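S.K.: what's the 3D shape of this:
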Amino acid sequence: MLYFFLYNSSIVRGATKNDKQGKLNYAQHKSLSYHSLSIIRFSPSIYKEIIQRFDKQKPFQLMMYNGKPTQFVLAPVRAPRVIGYVLLGFDIDQERILQASQLAGIEIALLSSSTGAQTINVVASSEAIAGYFLSTNNSMAENSSLLQDIVINQEIFVSGVISEQTSTQHWVHVVFLESLPKASEKFDQLATQYLTVSGVGIIIFTLAIFALSHRTIKPLITLTEATAELEKGNFSSEIEGTDRPDEIGQLARSFDKMRSSIEEQRETITQLAYFDPLTRLPNRLNFKQKLREAMASNTFRQISVITLNLDRFKQVNDVLGYEVGDRVLKTVAERLSNTVHTRPAMTAHVSGDEFSVMLDTSHLPPLEAAQQLKHCLDDAFEIEGTQIDLSVSIGIASWPTDAADPDSLIHASQIAMYAAKSKKEQIVVYNQSLVMSAPQNLSLLSELRRAVRENELRVFLQAKVDTRSSLVSAAEALIRWQHPSKGMIAPYQFVPFAEQTGFVREITKWVIREVVSQWHNVQPLQGHMIISINLSTWDLMTGQLPAFLDSLLSEFKVPAEGICLEITESAIMEDPKVAQQTLNELAKMGFHLSIDDFGTGYSSLGYLKQLPVNELKVDKSFVLNMIENNNDRIIVSSTIELAHNLGLRVVAEGVETRELLDALAALQCDEAQGYYINKPMPINEFVAWRDQWCSRHT
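M.R.: Down below sits the predicted model:
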């Protein structure tokens with residue numbers, strides 16, 4: 001770089017042209033001007049020395065000439081082939097050293113001397129540097145290739161040397177020096193700049209990371225928090241970031257769709273788990289949970305559970321179809337829900353034909369609430385043009401008097417409901433006498449087996465009185481259980497359980513055997529008295545009943561005409577074809593057949609023409625209020641007229657007053673039965689009572 005600068009910026013010292021064979025032709029000189037040239041001739045020795053030192057790779061040479069450092073340049077002359085060379089020489093003086101130093105940004109010194117000489121020539125960019133090298137004399141000759149740290153005026157310089165041995169007598173050194181403090185300052189500035197740039201870069205990187213986290217990581221954290229909420233079961237909160245157009249937004253939208261899907265599935269599962277899909281009412285599990293919450297709140301002094309069971313609802317399904325039955329259930333649910341207004345209040349559909357209602361009865365008597373529920377179901381249900389009358393059996397139990405926990409309270413209300421159904425009463429309030437203890441319930445079937453085996457069961461008789469003569473014309477056999485430790489147990493406490501388990505067939509056989517064996521002892525001195533026996537659905541469905549009856553009649557010499565078999569409409573409708581086949585066979589044997597509880601079913605009139613029955617028993621629900629209720633009176637009167645037109649006798653149940661007995665006689669009802677005449681009593685007591693009754697009415 002230094003050679004190139006000196007060549008291009010120096011004043012031509014002299015030029016010499018040679019021919020191709022090396023013969024010197026002329027030399028030219030110019031001093032400080034390009035216009036006055038003079039030719040000088042170099043000595044042949046100098047020329048030869050210069051020519052020998054030049055090569056194609058290094059067309060510049062630094063040499064001593066006339067005691068001064070001179071840079072020579074050798075250039076070929078082409079025309080177009082090489083016909084000679086031009087040799088140029090440039091003096092290197094103080095001015096050129098300063099220019100080079102300023103351009104390079106470092107200090108420069110040019111040292112030259114003759115071999116063996118005691119002094120050196122120094123041309124430097126500063127006087128201090130020149131003075132330093134003059135003071136060291138020619139000591140640089142031996143260390144010209146070394147880098148040295150030089151101290152000049154208490155300032156440290158790092159130096160580098162380029163040496164030219166121009167001949168055996170001359171040498172030239174170019175020394176480059178850089179102030180160490182200044183160089184360090186540059187490095188410090190560079191380091192400061194680097195640190196500044198690094199700091200700014202770190203700040204920018206931090207801001208970028210923050211922006212990235214705000215845009216990317218924060219939404220991911222939000223999704224993580226949403227996942228935690230889902231884990232806790234909170235599916236209602238929407239996921240943030242669904243409006244983003246990037247991948248995070250797509251992930252958030254997918255996640256939100258998953259949340260919505262899970263929420264919908266959860267709601268569906270909740271509906272299936274806690275609500276009845278038909279009526280949309282709470283189910284048994286939901287009802288029990290809400291009841292537990294109400295009892296635990298300690299807000300209410302009394303909470304009642306009212307259980308309602310639709311009587312003979314199975315016949316609606318069998319005769320009119322399940323679709324009609326479902327619509328009836330929906331209508332019942334709607335009526336009950338619209339009737340219940342107190343809080344807490346809940347109407348639940350707990351089973352096929354059973355509903356439960358929870359009420360705060362702190363200020364409303366439970367019986368009054370139950371009557372309101374009953375009245376809302378009194379009106380007929382019109383389904384597809386068909387009028388359907390429903391009756392209900394209602395049981396009431398209250399907390400804390402009847403039970404201390406939800407399960408016990410619900411169970412108590414169901415016991416009361418079954419008691420209402422068994423007693424043919426529409427509403428029964430729970431009391432301890434309705435149920436045996438839980439351990440006894442668990443062993444009830446084994447106890448019933450023992451009761452049949454040990455003859456703990458008893459047959460009680462209730463009279464049927466001829467309304468014209470007021471004489472006892474027949475009696476109905478009713479079962480009781482004389483428990484060895486619990487005393488007399490009413491039938492509604494064990495008969496429903498026996499019907500559920502099918503053990504009622506064994507009980508019916510025991511009753512039939514007892515009645516047939518005692519038949520002769522009950523007969524009056526003149527004529528004979530028919531004894532009625534109730535048959536269950538299980539009895540009609542078995543084909544063994546006719547043969548069993550026939551064997552007993554033969555054993556005890558009892559005519560079939562002396563026995564009346566009472567069948568409920570529900571028993572017939574369980575399987576009409578099988579029931580009719582069994583009844584036809586019994587009728588051929590000579591038994592009297594009676595339809596019990598007539599008027600509460602849905603198909604009696606349709607089967608009345610086909611069944612071989614002799615008697616209809618009007619249900620007491622129509623008889624009890626026929627004096628006050630003209631509609632009931634019309635129903636009873638129409639039933640009596642219909643039965644007589646078909647050649648059937650009519651028995652009215654539920655006669656509890658003389659006025660009712662006289663009214664039935666006026667309607668030409670054939671027989672009456674009820675507590676006004678007599679309560680059910682043991683056979684021996686019945687015989688004595690009958691004799692007294694007949695003596696008073698003859």
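
S.K.: check which helix or strand the nearest residue to V392 once chain neighbours are set aside maps to.
M.R.: Among residues not flanking V392 along the chain, L308 sits closest, at 4.9 Å (CB to CB, 6 or more residues apart in numbering). (Each C-beta comes from the backbone N, C-alpha and C, glycine too.) Here L308, judged by DSSP states H and E, is contained in strand 303-310.

S.K.: for the helix or strand just after that strand, which positions count as buried?
M.R.: Moving toward the C-terminus from strand 303-310, the next helix or strand (DSSP H and E) is helix 313-320. Residues of helix 313-320 classed as buried by neighbour count (16 or more other CB atoms under 10 Å): 313, 315-320.

S.K.: mean confidence for helix 313-320?
M.R.: Per-residue pLDDT over helix 313-320 has a mean of 80.

S.K.: CA atoms of it as CSV?
M.R.: Provided in CSV are the C-alpha atoms of helix 313-320 (Å, rounded to 0.1, in the frame of the first residue of the first chain):
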residue,chain,number,x,y,z
PHE,A,313,-102.5,-47.2,35.2
LYS,A,314,-101.3,-50.4,33.6
GLN,A,315,-104.7,-50.9,32.1
VAL,A,316,-104.3,-47.6,30.3
ASN,A,317,-101.2,-48.9,28.6
ASP,A,318,-102.6,-52.3,27.9
VAL,A,319,-105.9,-51.1,26.4
LEU,A,320,-105.2,-47.7,24.9
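
S.K.: what's the angle between it and strand 303-310?
M.R.: 30 degrees (axes from the mean of the first three to the mean of the last three CA atoms, to 10 degrees).

S.K.: so how far is helix 313-320 off the chain centroid?
M.R.: Its chain's average C-alpha position is 38 Å from that of helix 313-320, according to CA atoms, centre = their mean, to the nearest Å.

S.K.: and after that helix, which helix or strand comes next?
M.R.: Immediately after helix 313-320, counting by DSSP H and E, sits helix 322-339.

S.K.: show me what that following helix is packed up against.
M.R.: strand 303-310, helix 313-320, strand 346-351, strand 354-360, helix 366-376, strand 381-383, strand 386-388 (3 or more CB pairs under 8 Å, 6 or more residues apart in numbering; DSSP states H and E).

S.K.: can you tell which of the ones you listed is closest to V158?
M.R.: When these are compared for distance to V158 using CB to CB, the nearest one is strand 346-351, at 99.1 Å.

S.K.: and the closest one, which strands flank it?
M.R.: strand 354-360 (antiparallel) (DSSP bridges).

S.K.: who touches the helix or strand V465 falls within?
M.R.: Assigned by DSSP H and E, V465 belongs to strand 457-466. Residues from elsewhere that reach strand 457-466 (CB atoms under 8 Å, 6 or more residues apart in numbering): 451, 471-482, 507, 510-511, 514-515, 518, 522, 531-532, 651, 661, 670-673, 677-683, 686, 689-690, 693.

S.K.: for the following helix or strand past it, which strands pair with it and how are they oriented?
M.R.: Following strand 457-466 in sequence order, the next helix or strand is strand 472-483 (DSSP H and E). According to DSSP bridges, strand 472-483 forms sheet pairs with strand 457-466 (antiparallel), strand 487-489 (antiparallel), strand 530-535 (parallel).

S.K.: ranges for the strands of the stretch 551-698 of the chain?
M.R.: Remark: strands assigned in the stretch 551-698 of the chain by DSSP state E, counting those that start in this stretch are 563-568, 592-598, 615-618, 649-652, 671-672, 681-682.

S.K.: nearest to A498, of those strands?
M.R.: Checking the strands of the stretch 551-698 of the chain against A498 by CB to CB gives strand 563-568 as the closest, at 15.2 Å.

S.K.: show me how the record splits this structure into domains.
M.R.: Residue ranges for each domain of the chain read 1-179, 235-273, 279-437, 442-696, as given by the TED database.

S.K.: so where's the stretch 151-300 of the chain shaky on pLDDT?
M.R.: 164-169, 215-216, 230-244, 246-248, 252, 255 (pLDDT under 70).

S.K.: can you give me the strands for it?
M.R.: Per DSSP E, counting those that start in this stretch, the stretch 151-300 of the chain carries strands over the ranges 155-164, 170-179.

S.K.: got a markdown table for the ones you listed, with distance to D360 too?
M.R.: Below are the strands of the stretch 151-300 of the chain laid out as a markdown table (distance: least, CB to CB, whole Å):
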| stretch | distance to D360 |
| --- | --- |
| strand 155-164 | 103 |
| strand 170-179 | 103 |
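
S.K.: most packed of those strands?
M.R.: strand 170-179 (a mean of 21; mean count of other CB atoms under 10 Å).

S.K.: name the helices or strands packed onto it?
M.R.: strand 60-65, strand 107-114, strand 155-164.

S.K.: can you add distance to L552 and give these back as CSV?
M.R.: Formatted as CSV, the helices and strands packed on strand 170-179 follow (distance: least, CB to CB, whole Å):
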stretch, distance to L552
strand 60-65, 151
strand 107-114, 146
strand 155-164, 139
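
S.K.: show me the one of those that comes nearest L87.
M.R.: Across the helices and strands packed on strand 170-179, L87 has its closest neighbour in strand 60-65 (9.8 Å, CB to CB).

S.K.: run the chain-centre distance for that closest one.
M.R.: Averaging C-alpha positions (CA atoms, centre = their mean) puts strand 60-65 97 Å from its chain's average.

S.K.: quickly run through the sheet partners of the helix or strand just after that strand, with directions.
M.R.: Downstream of strand 60-65, the first helix or strand assigned by DSSP H and E is strand 68-78. Using DSSP bridges, the strands paired with strand 68-78 are strand 60-65 (antiparallel), strand 82-91 (antiparallel).

S.K.: redo those strands as a markdown table? Include mean pLDDT.
M.R.: Output for the strands paired with strand 68-78, formatted as a markdown table (pLDDT from 0 to 100):
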| stretch | mean pLDDT |
| --- | --- |
| strand 60-65 | 76 |
| strand 82-91 | 78 |
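
S.K.: one step back: give me the contacts around the strand holding L308.
M.R.: The contact list for strand 303-310 (CB under 8 Å, 6+ apart) reads 291, 294-295, 328, 332, 336, 344, 350, 353-361, 366, 369-370, 373, 377, 390-399, 409-410, 412-414, 416-417, 421.

S.K.: mind redoing it with 6 Å?
M.R.: Residues outside strand 303-310 that contact it (CB atoms under 6 Å, 6 or more residues apart in numbering): 294, 353-359, 361, 366, 370, 390, 392-399, 409-410, 413-414, 417.

S.K.: and if you look at stretch 471-485?
M.R.: Residues outside stretch 471-485 that contact it (CB under 6 Å, 6+ apart): 451, 456-466, 488-489, 491, 511, 515, 529-533, 680, 690, 693-694.

S.K.: how long is stretch 458-477 end to end?
M.R.: 10 Å (CA to CA, to the nearest Å).

S.K.: these two touch, right, V515 and S532?
M.R.: No - using CB atoms under 6 Å, V515 is not in contact with S532; the gap is 9.0 Å.

S.K.: which residue lies nearest the spatial centre of this structure?
M.R.: Nearest residue to the geometric centre of the chain (CA atoms, centre = their mean): R266, 4.0 Å.

S.K.: now that residue: how far from E229?
M.R.: 13 Å (CB to CB, to the nearest Å).

S.K.: any residues in contact with both of the two?
M.R.: With the criterion set as CB under 6 Å, 6+ apart, the contacts of R266 and E229 do not overlap.

S.K.: what's the first-to-last distance across stretch 556-576?
M.R.: With CA to CA as the measure, stretch 556-576 spans 31 Å from end to end.

S.K.: report the buried residues of that stretch.
M.R.: Applying 16+ other CB under 10 Å to stretch 556-576 flags 558, 560, 562-574, 576 as buried.

S.K.: so how far is stretch 173-190 off the chain centroid?
M.R.: Relative to its chain's centre, stretch 173-190 lies at 76 Å (CA atoms, centre = their mean).
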